[in-house]
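*Asks:* Attaching a predicted model along with its sequence, questions to come.
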Amino acid sequence: MNAVARGLTSFFLAIFLSASLFAQQSSTSTQNPDWWKNAVIYEIYPRSFQDSNGDGIGDLNGITSRLDYLQALGIDAIWLTPIYPSPQVDFGYDISDYYNIDPQYGTLADFDRLVAEAKKRNIGIIMDLVLNHTSDKHPWLIESASSRNNPKADWYMWHDPKMVDGKPQPPNNWLSVFGHSAWEWDPARQQYYYHRFYIQQPDLNWNNPLVRKAMYDAERFWIQHGVAGFRLDAITSLFEDPTFSDENYVLGPDGKPLINAYGDKRVDTLKTDNLPEVHDVLRELRQVADQTQGRKVVLIGETYLRSVGDLRKMYGAHNDELDLPMDMEVGFINRFDVNMFRERINQAETQINGDEPLFVFDNHDNIRWDRYDHDAHHEDAGRVIAAVLFASRDTAMMYYGDEIGMVTTPPTRKEDVKDPIGVTGWPKEKGRDGERTPMQWNDGPDAGFAPSGVKTWLPIPPSYEQINVTADEHEPDSMLHWYQQLIALKRQDPALHDGAETMLNTNDEHVLSWLRKAENGEAVVVACNFTDQPQTVSFDLAPQGVRGSSPKTLLKTPGAAEPTSLGSIQLGPFGVYIGRVE
Ligand code: NOJ
């Protein structure tokens, strides 16, 4: 087949798949209590998706105006990073009012309209709930800091100083994730407060029942506004060891403490992360979420953990905690290591009691998937990543712009940095601006992100001329069409939707292959070449109880040959093959 014919084939396949998508969508509606299983969740960084009012900052009405695009992509839900009123030190993760919308993003009425319009398209809206800390401008902190005996005196993690030579020093050596001591001195109270993140993000005291009640009230408020679920920010860091003793230093091979990007001696986080009390709170959050009538509110956790055992616990002994703790082990391997991928996907398949894994390759805190790039293989690498994400048995979480292959574009000068850690850590840590740049809709002014000629909050990356939605819509073999086709298969094909997953050819060092098998017996093989060299794979599926031996192609990377038997499937460099076995 020549290039044009090949292109047209996949173009028509895309049209076919997106047409049948609408039929499929009714069964994955958020009215279905299991809608979140094997779903596709699309993360939007609201500042950067679509600016509707010309202030250079994305907003809710901008997102509403792009819902048709998202529906055609095939997603089930949108996770919005925080849109509450905030001084925006950490771009919304420092909340000063849990019951409203920051005027930069719109109004509560705009939010309600977004929820309603999304619902018409069977898309749920997932709010980011930041429970670990508030902004230092939140009235709770202002009151709490005002004296040692006000009604909210015990709402935050206050601690007396350690006196050294008559001078107050932090109580211990705990570090903020964002650099330097996690303790900030408050002259009025003559005490320190603990902040795991920025100084402007004081940690709440979750031992205080009034704090819990206040947060559960906020959870209820957004459920009443129709949200489909919550992404629980930094959920493992709610509690601190009550002894407040020092952490151990993290030592390098030479026995000396390792130094982080901010120049601090690294310390462990055993006393500040994943303490057992977190599970009590998860159960309480679950009870609130379950008090909705006839509607499933899904709880997703930001869970960077140490082991798959810890991940398993996040679901709760009686499935009464998180629905979807994020599995960060697969997506953040950060290199094409077949063995590691095989092992970790297999762990998710076999060691979390059959619960639903949530795979994440990308978000607003990490370099985009171009971190997997291999020389000239940017797009090819992206296709492999997308195939692993959507063809595995998982709920798939993607980040805006992944579907067109947006590239990380960090600032080149310290004075341009917006994310404060990029200032503290420059040049080792350039901050997270690079993965938060405006969505590239077209090659016109401001890439279609903002009304023409506006100064956008972060610059539009120069790549927008080539990498943008309009260009991909016109290119049959584009990344966007690859994503649409993979997502449509995930929704429609019984084996790829929720079929059991078994790793194949487990000694292969170059190609990651697996079998998906539906309850009705349908079997699909997936093969991803993790190298820049052509590879050939061969499958014997008899041990898996699969009788057929002929592959019927469902999807393959552009240019790959059509295989005639399972005994010889050829893959180009970073090639992907997905076929039903008949
Ligand atoms: C995790 C969020 O993803 C990140 O963006 C934020 O800075 C921290 N939590 C603190 O809220």
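*Replies:* Yep, that arrived. Numbers count the residues shown, from 1 in each chain.

*Asks:* Not counting its own residues, what contacts the helix or strand residue 398 falls within?
*Replies:* Assigned by DSSP states H and E, residue 398 belongs to strand 395-399. When contacts are defined by Cβ atoms under 8 Å, 6 or more residues apart in numbering, strand 395-399 is touched by residues 36-43, 45, 75, 79, 324, 326, 356-364, 368, 389-390, 435, 483, 490. C-beta here means a position set from N, CA and C on the backbone, and glycine is covered the same way.

*Asks:* Which members of the residues you listed occur in helices, if any?
*Replies:* Among the contacts of strand 395-399, the ones falling in helices (DSSP state H) are 389, 390, 483, 490.

*Asks:* Contact distance from the ligand - what residues of this structure qualify?
*Replies:* 90, 93, 130, 197, 233, 234, 302, 364, 365 (Cβ under 6 Å from any ligand atom).

*Asks:* redo that, cut-off 5 Å
*Replies:* 90, 93, 197, 233, 234, 365 (Cβ under 5 Å from any ligand atom).

*Asks:* one step back: return the list of strands paired to the strand holding residue 398, each annotated with direction.
*Replies:* strand 40-44 (parallel), strand 358-360 (parallel) (DSSP bridges).

*Asks:* How about the contacts made by the closest residue to the ligand within the chain?
*Replies:* In the chain, the residue that lies nearest the ligand is residue 93 (3.4 Å; Cβ to the nearest ligand atom). Applying Cβ under 8 Å, 6+ apart to residue 93 gives the contacts 81, 82, 86, 128, 130, 197, 201, 233.

*Asks:* Tabulate the residues you listed (JSON lines), appending neighbour count and pLDDT.
*Replies:* Shown next, in JSON lines, are the contacts of residue 93 (neighbours: other Cβ atoms under 10 Å; pLDDT from 0 to 100):
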{"residue": "81", "neighbour count": "22", "pLDDT": "98"}
{"residue": "82", "neighbour count": "23", "pLDDT": "98"}
{"residue": "86", "neighbour count": "24", "pLDDT": "98"}
{"residue": "128", "neighbour count": "21", "pLDDT": "98"}
{"residue": "130", "neighbour count": "29", "pLDDT": "98"}
{"residue": "197", "neighbour count": "23", "pLDDT": "98"}
{"residue": "201", "neighbour count": "25", "pLDDT": "98"}
{"residue": "233", "neighbour count": "20", "pLDDT": "98"}
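
*Asks:* On the three-state scheme, the nearest residue to residue 334 once chain neighbours are set aside is what?
*Replies:* Counting by Cβ to Cβ, 6 or more residues apart in numbering, the nearest residue to residue 334 once its immediate chain neighbours are dropped is residue 371, at 5.6 Å. Secondary structure state of residue 371, per DSSP: H, G, I helix; E, B strand; the rest coil, is helix.

*Asks:* Give me the pLDDT for residue 371.
*Replies:* Residue 371 is assigned 94 on the pLDDT scale.

*Asks:* How many residues are close by it?
*Replies:* If you count neighbours by other Cβ atoms under 10 Å, residue 371 ends up with 16.

*Asks:* tell me which strands and helices the helix or strand residue 223 falls within is in contact with?
*Replies:* Assessed by DSSP H and E, residue 223 sits inside helix 209-224. If you count contacts as 3 or more Cβ pairs under 8 Å, 6 or more residues apart in numbering; DSSP states H and E, helix 209-224 packs onto strand 124-130, helix 277-289.

*Asks:* relative to helix 277-289, how tilted is it?
*Replies:* 40 degrees (axes from the mean of the first three to the mean of the last three Cα atoms, to 10 degrees).

*Asks:* If you count contacts, what does the helix or strand just after helix 209-224 end up packed against?
*Replies:* Downstream of helix 209-224, the next assigned helix or strand under DSSP H and E is strand 229-233. In terms of contacts (3+ Cβ pairs under 8 Å, 6+ apart), strand 229-233 is packed against strand 124-130, helix 277-289, strand 298-301.
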